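>>> Dropping the sequence and predicted coords here.
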Amino acid sequence: MSVAALLLATRQTLRQALALEDTQCNVQPNGQPDNVAGDLYISIHEGDTSVLTDDSYHLTENISLRVTVTLRTGEYTGEGFGDLMIANERGLDAWCRQVVAALHLNWPNINAANDEIGEDANGFALPLAYEGAGSMQTQSGEWAGGTPDDSDYFMTRELRFGGARRVQNVAHQT
């Protein structure tokens, strides 16, 4: 429930903050976009979950998410990836910075996740924090559900967010 609530809240936060359509931002099992993705796709997917304490009365979890930003670049000619990345607001780096700004220590996002969990259970006590990013990767058309012969190429970068802490009361085992 914790991860699902955080994924759903984060999807809604990104759609609103970045003015994205449903077809541009969704929860996925990995960073790959839907096969109907357009020129931009933001995939929210599960990261790691770790237990922070062995207290028998509380379960303290630290939950992380990954966000993969994908830009369709069209036919790859061997030039231009770097220019697209930094040139303007459509560039990969610019979209990544917007995602970071929308999610880093965003209390309304974690409150929305708590609303998903409901009032009958303890929610998150700390929001997601930006932890870094992978390097830019290039992907063939298969990345977005194309065929090996597809001439489209994509640029991607995975962003890491962690630190969403949830403390839950658990029944003492006798």
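Perfect, thanks for sending it.
>>> Please spell out the segments of the chain that come in under the pLDDT threshold.
54-56, 75-90, 147-151, 171-174 (pLDDT under 70).
>>> switch the cut-off to 90
For the chain, the stretches with pLDDT under 90 are 1-2, 34-39, 51-61, 71-94, 118-123, 135-155, 167-174.
>>> residue ranges of the strands in it, please?
25-27, 40-51, 58-75, 124-126, 129-133, 137-139, 152-169 (DSSP state E).
>>> strands paired with the third one, and their directions?
What that stands for is strand 58-75. Sheet pairing of strand 58-75 (DSSP bridges) gives strand 40-51 (antiparallel), strand 152-169 (antiparallel).
>>> Show me how far it is from its chain's centre.
3 Å (Cα atoms, centre = their mean, to the nearest Å).
>>> List the buried residues in it.
Within strand 58-75, the residues scored as buried using 16 or more other Cβ atoms under 10 Å are 59, 61-73. (C-beta placed from N, C-alpha, C; glycine too.)
>>> Also the fifth one?
Within strand 129-133, the residues that qualify as buried by neighbour count (16+ other Cβ under 10 Å) are 130, 133.
>>> picking up where we left off before, I'd like the strands of the chain laid out as a markdown table, including distance to Pro108.
As requested, the strands of the chain are arranged in a markdown table below (distance: least, Cβ to Cβ, whole Å):
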| stretch | distance to Pro108 |
| --- | --- |
| strand 25-27 | 17 |
| strand 40-51 | 16 |
| strand 58-75 | 16 |
| strand 124-126 | 12 |
| strand 129-133 | 15 |
| strand 137-139 | 31 |
| strand 152-169 | 13 |
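>>> Just to check, Thr53 is in contact with Thr60?
Yes - with contact defined as Cβ atoms under 8 Å, Thr53 counts as touching Thr60 (4.5 Å).
>>> between the buried residues of strand 58-75, which is nearest Gly141?
The closest of the buried residues of strand 58-75 to Gly141 turns out to be Arg72 (Cβ to Cβ; 9.2 Å).
>>> give the contact list for the closest one.
Listed by Cβ atoms under 8 Å, 6 or more residues apart in numbering, the contact set of Arg72 reads 37-40, 144, 152-154.
>>> So how do I select the buried members of these in ChimeraX?
To isolate the buried subset of these in ChimeraX, counting by 16+ other Cβ under 10 Å, use the following:
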select :37,40,144,152,153,154
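>>> Gly162: which of the contacts of Arg72 is nearest?
For the contacts of Arg72, the nearest to Gly162 is Leu40 (24.4 Å; Cβ to Cβ).
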